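> Need coordinates for the following:
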Amino acid sequence: MEEAVEAARGALGPSARILAADRVRSGGVGGWFARERVEVTAEVDDAPGPL
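So this is what the prediction gives:
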């Protein structure tokens, strides 16, 4: 999970605020063979900087 948060910060910049990071399982049969992934929700201030 830490890797996903750091990847999001790297992609969005240091001013990105991480709002949530959740483990999500999908697929599989009866819980078996499900794939696990991490979803990161972030907020970025896209107000224009000074010119």
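> use CA for all of it now, contacts and neighbours both
Will do.
> Kindly state the beta-bridge partners for residue 32.
Applying DSSP bridges to residue 32 gives these bridge partners: residue 29.
> Just the pLDDT at it, thanks.
According to the per-residue confidence, residue 32 scores 85 in pLDDT.
> check contacts around the residue nearest to residue 43 when sequence neighbours are not counted.
Closest residue to residue 43 in three dimensions, ignoring its sequence neighbours and counting by Cα to Cα, 6 or more residues apart in numbering: residue 17, at 5.1 Å. With contacts defined as Cα atoms under 8 Å, 6 or more residues apart in numbering, residue 17 is in contact with 42, 43, 44.
> So which residue is smack in the middle of the chain?
Centrality entry for the chain: nearest residue to the mean C-alpha point is residue 40, 1.8 Å, by Cα atoms, centre = their mean.
> Just the pLDDT for the residue lying closest to that residue once chain neighbours are set aside.
Distances taken as Cα to Cα, 6+ apart place residue 21 nearest to residue 40, at 4.4 Å, with adjacent residues excluded. Confidence per residue is given as pLDDT, and for residue 21 that number is 93.
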